[in-house]
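>>> model this:
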Amino acid sequence: MVTAYDYSSAKYVDEAGVDTILVGDSVNMVVLGEDSTYSLTMDQTIHHCKAVKAGSNRAFVVGDMPFMSYQADVVEAVKNAGRLLKEGKVDAVKLEGGKRMVPQVQAIVNAGIPVLGHIGLTPQTLSQLGGYRIQGKTSADAITLYDDALALQEAGCFGVVLESVPETVATEISNRLEIPTIGIGAGAGCDGQVLVYHDLLGIFDDFTPRFVRRYANLKPIITDALQAYHADVEARAFPAEEHIYQMKDEEKSKFLSEINQHDIF
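Below is the predicted model:
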């Protein structure tokens, strides 16, 4: 799974053979420049989901339900999940939380909408968790995570994301669930992995979580290209002959003659 936010990125991910694209609420930070995911709206989410779906021909596309689009009310949760499918054109939705989200998961699934769960470090509850901290480090907390995973499975989730969880905990949960787990900072024992497109390609570097592996470092390449473009424009080296359109000689002569006559008047 790769988290991507636009048409072009989705095309690259899809063509690379990645199974699933997540349109994550992290778009609020990576693309929109906010310092958290909290302020992302449904309309913004739908906008990015449509773009990603347009770029994907074969990958399964999951839309992240933004903060307060599902927590407060079960009916509202179903309506907003439906909007992501109907307007955003995604194949499934993702929401954060364990046992306490069971009513929402059940209602959304009963409405015919596939749901991907998300437990461990849940960015929409950072204030409650005390920030970006590993979850499930004690035996008691790890058992709570396992119970949450089981509850999501029983509620009808087709899979669950495990974020920032000790590898032993994630592996044991993965081995005991009947549904697949997707890890991010949870070790190799999960059934799949997810990374953000901009992180794995080295485009976004405001911060780099421990669990990120950069498979490319595109920022300096992009910066060099932009600087070269800037220099060429200032030096009038771009556009060059191969980049411009010409008129036929007779039309060019006629145009120059006529425009000079206009200048007289």
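
>>> so where do the helices sit in the stretch 1-150 of the chain?
7-15, 27-30, 42-55, 74-86, 102-110, 126-129, 139-155 (DSSP state H, counting those that start in this stretch).

>>> can you list the buried residues in the last one?
Residues of helix 139-155 classed as buried by neighbour count (16 or more other Cβ atoms under 10 Å): 142, 144-146, 148-153, 155. Where C-beta positions appear, they are placed from N, C-alpha and C, glycine not excepted.

>>> and those as a markdown table, adding pLDDT?
Rendered in a markdown table, the data for the buried residues of helix 139-155 read as follows (pLDDT from 0 to 100):
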| residue | pLDDT |
| --- | --- |
| A142 | 97 |
| T144 | 96 |
| L145 | 97 |
| Y146 | 98 |
| D148 | 98 |
| A149 | 98 |
| L150 | 98 |
| A151 | 98 |
| L152 | 98 |
| Q153 | 98 |
| A155 | 98 |
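
>>> got a markdown table for the residues you listed, with distance to S39 too?
Converted to a markdown table, the buried residues of helix 139-155 look like this (distance: Cβ to Cβ, whole Å):
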| residue | distance to S39 |
| --- | --- |
| A142 | 32 |
| T144 | 29 |
| L145 | 28 |
| Y146 | 32 |
| D148 | 26 |
| A149 | 29 |
| L150 | 33 |
| A151 | 29 |
| L152 | 26 |
| Q153 | 31 |
| A155 | 28 |
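
>>> between the residues you listed, which sits nearest E241?
Of all the buried residues of helix 139-155, L152 has the smallest distance to E241: 61.5 Å, by Cβ to Cβ.

>>> quick check: that closest one vs A54, distance?
30 Å (Cβ to Cβ, to the nearest Å).

>>> can you give me the helices for the stretch 151-265 of the chain?
167-176, 197-200, 218-234, 249-264.

>>> quick one: closest of the helices of the stretch 1-150 of the chain to L177.
helix 139-155 (5.7 Å).
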